[in-house]
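> Just to be clear, the model below is a prediction. Sequence and coordinates:
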Amino acid sequence: MNLLIDHLRHICGDAHVLTHDDPSTDLSAWELDWRKRIRGRALAVVRPGNTAEVAAVVKACAAAGAAIVPQGGNTGLVVGGVPDNTGTQIVLSLGRMHAVRAIDPANLTITVEAGCVLQNLQAAAEAAGFLFPLSLGAEGSCTIGGNLGTNAGGTQVLRYGNTRELCLGLEVVTAQGDIWHGLSGLRKDNTGYDLRNLMIGSEGTLGVITAATMKLYPQPAAQLTAWAAVPSMQAAVELLGLAQQRLGPGLTGFEVMGQFALSLVDTHYPQLRVPLWQETPWCVLLENSDSENEAHARSQFEALLEAALNAGCVSDAVVAENLTQARGLWHIRESITLAQADEGLNIKHDISIPVSRIPDFVAETDALLAHHIPGVRMVDFGHLGDGNLHYNVQAPQGADGNAFLRDYEDQVNTLVFDQVKRFDGSISAEHGVGELKVGKLPLYKDPTALAMMRAVKQALDPQNIMNPGRVLGSEE
Ligand code: FAD
Ligand code: MLT
Ligand code: ZN
């Protein structure tokens, strides 16, 4: 393996190949997953500076039979972007490849390198007078390559779709080290199999995304945010229907947050001043993006909330007066993940269910969990507008988090995923499979679909060097 390291240093330069040989080098940033659940050990962290270097690195690894784990911002929540603990895998970090290559205003596209941090991509779009709508709590550190690798969702999916729907073209280094130049900004191209959509969401198991052409949108003339207390999950679903009817495509965000989830934000970040949470089991965050002006947006929003109050699906509401207040409300929503991590270890789920069935799913599954684990605390929140819940299970008050995971993680996952199946849902809506759900996927995914996935993996990566063991498991 020393020969491989020498080869990689020759390709990328000594400074960009980090190993444990130098005891002063701390590789935690690349080896430890965001939730600090798994710490791997890499043979080396390699940081190429351009696509040709990525291709040469992959060729060198393929020749040596070394596995490659592509990594962006390392904010993934399913342990897909860190190496295993064998000390034999190469972490291929795209962090140095962060350039905005081009903006095409007439075509409404932006072409960026994979390591571009999402927030920087949003800022580049804004500076050019456009909106890049993908938005998620990790946007200050996640990268567009990781967003594409996981087909990330976030808080604007309702109107603009997942990362997949925002992508028009890719540049990819294949598992053989060849470069696929697919950076077309075309909205129509029916010349065969859709390789772009195959790569998106493949979690680094089929190739390395090195650049992407993404869609841009006109900036809305006005954006308003409201925070509503709702008496039940059923009421939240009714409010969603009403908002869709009245705001149409103006409804760009619809997030639900349970009382316990908000209590954690209140406990760990009291300065954020969470509104209304003490008086209601659920709160909803709504965003109205208007193409006319703020007065129009406000009158639409107020009429919607009045109708909802009259219909009984909202018990109280506040509309942000200005951008600062709106940002504050969104900040509360985005802080749930951190507050939950501060509270201690927990069992995280990222499920999707048809929206209409979510109230029954939550009521039934809450009751089953409470029966099995007296005192269990449910950290429920998520993208209700997309039917996507982060249905998280926290240990009873005072319980030891490690013991809770050891004793309950598998049975809680089975209970929740069985319920998801019964309600025709998916065990991963937006975070992906990674390593965390790899054992469960065969139990809940259609066997024919799995067989086709295995065939694709075998065809594109016959050596099984691209992120092995993730998505499909280690036997592939
Ligand atoms: P990484 O974590 O580095 O990698 C993720 C996966 O993609 C790995 O399998 C990796 O191998 C692969 N990958 C990375 N780069 C490439 C590449 N260039 N080519 C091929 N494969 C690659 N996710 C959501 O969907 N919605 C949310 O609302 C959301 N909110 C979050 C909030 C917080 C606070 C945190 C910590 C995470 C959140 N996430 C969310 C999860 C995470 O941010 C996303 O999955 C994100 O897309 C990961 O990007 P990354 O650059 O950090 O990827
Ligand atoms: C979110 O919606 O905030 C994210 O997906 C992160 C999480 O599930 O904790
Ligand atoms: Zn989410």
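Yep, it's here. Ligands and ions are numbered 1, 2, ... in the order given.

> so how many other residues sit close to residue 302?
Per other C-beta atoms under 10 Å, the neighbour tally for residue 302 reads 14. (Glycine included, C-beta is placed from N, CA and C.)

> Retrieve the pLDDT associated with it.
Reported pLDDT at residue 302 in the predicted model: 95.

> Give the phi and psi angles for it, as a check.
phi -70, psi -40 (degrees, to the nearest 10).

> Just the closest residue of the stretch 201-350 of the chain to ligand 1, please.
residue 204 (2.8 Å; C-beta to the nearest ligand atom).

> Pull the contacting residues for that residue.
With contacts defined as C-beta atoms under 8 Å, 6 or more residues apart in numbering, residue 204 is in contact with 68-71, 80-81, 149, 466-467, 470.

> Which secondary structure state does it sit in?
coil (DSSP: H, G, I helix; E, B strand; the rest coil).

> just the contacts of residue 204 now: which is nearest ligand 2?
For those, the nearest to ligand 2 is residue 80 (14.0 Å; C-beta to the nearest ligand atom).

> State the distance from the spatially closest residue to that closest one that is not a sequence neighbour to ligand 2.
Nearest residue to residue 80, sequence neighbours excluded (C-beta to C-beta, 6 or more residues apart in numbering): residue 434, at 3.2 Å. Residue 434 sits at a distance of 13 Å from ligand 2 (criterion: C-beta to the nearest ligand atom, to the nearest Å).

> Quick one: the helices in the stretch 301-450 of the chain, in order.
If DSSP state H, counting those that start in this stretch is used as the criterion, the helices of the stretch 301-450 of the chain fall at 323-334, 336-343, 358-372, 401-422, 441-444, 447-460.

> typed the wrong thing, it's the stretch 1-150 of the chain
Counting by DSSP H, counting those that start in this stretch, the helices of the stretch 1-150 of the chain are 2-12, 28-31, 51-64, 118-127, 144-150.

> now the residue nearest the centre of the chain: how far from ligand 2?
Nearest to the geometric centre of the chain sits residue 152, at 3.9 Å (C-alpha atoms, centre = their mean). Separation of residue 152 from ligand 2 (C-beta to the nearest ligand atom): 8 Å.

> same question, residue 414
20 Å.

> Residue 299 now?
30 Å.

> That residue belongs to a helix?
Yes. The assignment for residue 299 is a helix, going by three-state DSSP.

> what's the burial count for it?
With other C-beta under 10 Å as criterion, residue 299 counts 11.

> who's in contact with it?
The contact partners of residue 299, taken as C-beta under 8 Å, 6+ apart, number zero.

> Please apply the same query to residue 425.
Applying C-beta under 8 Å, 6+ apart, the residues near residue 425 are 351-354, 361, 387.

> which among these gets closest to residue 218?
Nearest to residue 218 among the contacts of residue 425 is residue 387, at 27.3 Å by C-beta to C-beta.

> residues contacting the closest one?
Going by C-beta under 8 Å, 6+ apart, the list of residues near residue 387 reads 352-355, 358, 425, 429.

> Please convert these to a markdown table, extending it with pLDDT and distance to residue 113.
Shown next, in a markdown table, are those (pLDDT from 0 to 100; distance: C-beta to C-beta, whole Å):
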| residue | pLDDT | distance to residue 113 |
| --- | --- | --- |
| 352 | 98 | 30 |
| 353 | 98 | 36 |
| 354 | 98 | 37 |
| 355 | 98 | 36 |
| 358 | 98 | 38 |
| 425 | 98 | 35 |
| 429 | 98 | 27 |
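
> Can you tell me which of the residues you listed are buried?
Taking 16 or more other C-beta atoms under 10 Å as the criterion, what is buried in those is 352-353, 355, 358, 425, 429.

> Now do the same for the closest residue to ligand 2 within the stretch 1-150 of the chain: its pLDDT.
The minimum distance from the stretch 1-150 of the chain to ligand 2, using C-beta to the nearest ligand atom, falls at residue 137 (4.6 Å). pLDDT for residue 137: 97.

> what about residue 134, neighbour count?
28.

> same deal with residue 325?
Neighbours of residue 325 (other C-beta under 10 Å): 14.

> and it, how far is that from residue 120?
According to C-beta to C-beta, to the nearest Å, residue 325 stands 25 Å off from residue 120.

> Now residue 462: which helix or strand?
Assigned by DSSP states H and E, residue 462 belongs to no helix or strand.

> Which residue, other than its chain neighbours, is closest to the residue nearest to the centre of the chain?
Nearest to residue 152 is residue 163, by C-beta to C-beta, 6+ apart, at 4.9 Å.

> need the contact list for that neighbour.
Residue 163 neighbours (C-beta under 8 Å, 6+ apart): 134, 144, 147-148, 150-153, 200.

> and ligand 1, which of those reach it?
147, 150, 152-153 (C-beta under 6 Å from any ligand atom).

> can you give me the strands in the stretch 201-350 of the chain?
Ranges of strands within the stretch 201-350 of the chain are 207-215, 217-218, 222-230, 251-258, 282-290, 316-319, 346-347, based on DSSP state E, counting those that start in this stretch.

> what does the stretch 1-150 of the chain put close to ligand 1?
Checking the stretch 1-150 of the chain against ligand 1 by C-beta under 6 Å from any ligand atom, the hits are 34, 69-77, 80-81, 94, 114, 136-138, 142-143, 145-147, 149-150.

> picking that back up, now, of the helices of the stretch 301-450 of the chain, which is deepest in the fold?
helix 336-343 (a mean of 19; mean count of other C-beta atoms under 10 Å).

> and residue 470, that's in a strand?
No. Counting by three-state DSSP, residue 470 is not found in a strand; it is coil.

> Please give me every residue in contact with the residue nearest to it when sequence neighbours are not counted.
Nearest non-adjacent residue to residue 470, counting by C-beta to C-beta, 6+ apart: residue 80, 5.1 Å away. By C-beta under 8 Å, 6+ apart, the contact list for residue 80 reads 149-150, 203-204, 432-435, 467, 470-471.

> any idea how far residue 80 is from residue 69?
Residue 80 is 8 Å from residue 69, by C-beta to C-beta.
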